[in-house]
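Novice: Quick one, structure for this:
(chains A and B)
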Amino acid sequence: MQVRLPNSALAHSLLLFATLALSGCWTPPRSDVQPPGESGLIAAHIRGESHEDLVVVEAVDARSRMLSLASATRRSPGTYRVSAKVSRLGQLKPGDQLRATVLDELSVYALRAGEPASIAGEHIEVDARVLSVDRSYRLLIVQYPDGEHEIFKVGLGVKLGTMHAGDAVVIRPLELIALKRRK
Amino acid sequence: MRREACRLLPLLLLSPIAAAQSLSGPELDQLLDAQRARVEALTILGADFGLASGEFHSTGHYVAGSGVDTDMTVSKFGGGGDIGDPQALGTLPIGWQPTIQGSMGWIDSTDHLEAGVLAGDESEFRAYAVQFGGGARFWLNDALSVAPTVMGMYGHTSDTYDANSVYMRENLSRVVSLGLIDWEVDTWTVRPALDVQYLLTLDRTIITLTSDAAFFDTQSFSSSNTRLSILGTSGSWDNKLDIDEPLDVLFLGHELRIGGYLSRTDLYGGLRDGLQVEHINELHARLVLDFLGQWWKVQWIGIGGSYLWGTAITGWTFGADVNFRF
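Specialist: Got it, this is the predicted structure:
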């Protein structure tokens, strides 16, 4: 018994495939590109959640609910306020390995290449650059200078369509909203 | 040949004259071919992650008016996915990423013989199978990708005949010795496949067009009856249009998404002959919560259901709809 596909269907599929294949080439996403548009602030006070799969506790201050963490992706170490929703903070100790969900406030700027990182005379401390944007799932993927990248889930109202690869991102940590001990 | 044999099986079993004669030579070969195709088809349908699961019903599809109804339950757990982000393939303008696929499933198919001398008899086919494999997805541009994959599959299929008719009770041992009923077969299958996918984003809506062709080479390595050895090839060609639409509404901190797909799967070789189904259409709808970027590797969790229909077969499925992105 032989398996045969209908010749006409196969021919149509190959034609469609060839047409689609010729419509451009694949290029890896890059953050070191010049974004389109004029210099300026694109969006500020964007709240974004990100997941850290592995963070290591460096210091705990349970009374003031502050936690210092070292992370593979973030500028480390970072000190974060811990949300009131997180319980048993006092049980953590330096060296503990955790999964963390961090709430950050992001500001995104379009900056001209070769110009100082400033807007209206105010210097901007750029933390990362936009690597890519997923509008459908509201994901802003940024890349840090060391090459690591991080994914932020942003709110419904954020206009991700105005952001492009290469845009400058300033990240201000707000708080840790979830912690889970790694097993 | 197999197709004809499948149609002969109930006719011969239903005909007291033919059944009373000693089956041998070409007639017996045709009946055994039909059984072989059935084993091949049930093993593949039972586990293959590319074919639909659900509750199926078919009325008299072996031979119109033969009085053979079939109820079939197919349960599966598995799926496939691409791992990580695409990486450059050397200096070529092509991205690639590994892809893995796996599935395990269980199938229970009962033929109800409701006419002729075998009226009241039931033949129950059971199969369980596991498959695993992988390959690579190659991105030719940001929208178009192809994924060649290879999978291996183990399957165990058995038949249990419930002889209630007077005629079959008198002839049961002879039919069993011929390898037509009450048997068990272990098989392995190699499954090379090629998946072509085109992604289209309109505003926040994601439209995915997929064409997936799979080839199955099945052989038995153990059988309770030496007459029933399996060596067959099958194929399936699935074409699917999927729509994934966010609703701009949060529920429990996650955005609601609605979506679904319409697909047509054409069957070839033993898969078609064993099921007597040339194609299966599926209309699927889902309502899910978006967890991407919020839960580790989880893209969405929700509920979904399908209505399936095809050549002389209908079915449905409903349950949890969970998708992962690695």
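Novice: which residues of chain A fall in helices?
Specialist: Counting by DSSP state H, chain A has helices at residues A:7-21.
Novice: Could you tell me which ranges of it sit under the pLDDT cut-off?
Specialist: Confidence mapping of chain A against pLDDT under 70 gives the ranges A:1-7, A:9-10, A:13, A:16-23, A:72-77, A:114-116, A:120.
Novice: show me what contacts the residue positioned nearest the centre of it?
Specialist: Closest residue to the average C-alpha location of chain A: A:Ile151 at 2.8 Å, with CA atoms, centre = their mean. Counting by CB atoms under 8 Å, 6 or more residues apart in numbering or on different chains, A:Ile151 makes contact with A:Ser50, A:His51, A:Leu139, A:Leu140, A:Ile141, B:Gly293. For every residue, glycine as well, the C-beta is placed using N, CA and C.
Novice: who touches stretch A:130-137?
Specialist: A:29-31, A:35, A:108, A:139-143, A:149, A:153, A:160-161, A:163-169, B:201, B:203-206, B:244, B:246, B:290, B:292-293, B:299.
Novice: which among the residues you listed end up buried?
Specialist: Buried members of these, scored by 16 or more other CB atoms under 10 Å in any protein chain shown, are A:29, A:31, A:35, A:108, A:139-143, A:149, A:153, A:160, A:163-169, B:204, B:206, B:244, B:246, B:290, B:292-293, B:299.
Novice: Now for the residue nearest to A:Val57 when sequence neighbours are not counted, how many residues are close by?
Specialist: Take A:Val57 and drop its neighbours on the chain: the residue closest to it by CB to CB, 6 or more residues apart in numbering or on different chains is A:Asp96, 4.3 Å away. If you count neighbours by other CB atoms under 10 Å in any protein chain shown, A:Asp96 ends up with 16.
Novice: same check, this time on B:Val322
Specialist: Neighbours around B:Val322, by other CB under 10 Å: 15.
Novice: Contact partners for it?
Specialist: B:Val298, B:Trp300, B:Ile301, B:Gly302.
Novice: Look at the residue most central in space within chain B and report its pLDDT.
Specialist: Compute the mean C-alpha point of chain B, and by CA atoms, centre = their mean the closest residue is B:Leu45, 2.4 Å away. Per-residue pLDDT puts B:Leu45 at 85.
Novice: you'd agree it is up against B:Lys76?
Specialist: No. At 9.4 Å, B:Leu45 does not count as touching B:Lys76 under the criterion of CB atoms under 8 Å.
Novice: From B:Gly179, how far out is B:Asp29?
Specialist: Separation of B:Asp29 from B:Gly179 (CB to CB, to the nearest Å): 11 Å.
Novice: And for B:Leu289?
Specialist: B:Leu289 is 51 Å from B:Gly179, by CB to CB.
Novice: What backbone torsions are found at A:Ser136?
Specialist: Per-residue torsions, A:Ser136: phi -60, psi -40 (degrees, to the nearest 10).
Novice: And for it, the neighbour number?
Specialist: A:Ser136, neighbours per other CB under 10 Å, totals 20.
Novice: ok, it to B:Gly54 distance?
Specialist: 28 Å.
Novice: just B:Ala88 next, same as before
Specialist: Going from B:Ala88 to B:Gly54 by CB to CB gives 41 Å.
Novice: Of these two, which one has the most company?
Specialist: Between B:Ala88 and B:Gly54, B:Gly54 has the larger neighbour count (other CB under 10 Å), namely 21 against 14.
Novice: tell me the SS of the residue nearest to that one when sequence neighbours are not counted?
Specialist: Distances taken as CB to CB, 6+ apart put B:Thr317 closest to B:Gly54, at 3.3 Å, once the chain neighbours are dropped. State at B:Thr317, reduced to three classes by DSSP: H, G, I helix; E, B strand; the rest coil: strand.
Novice: Pretty sure B:Thr317 sits against B:Met72.
Specialist: No. Judged on CB under 8 Å, B:Thr317 makes no contact with B:Met72 at a distance of 11.9 Å.
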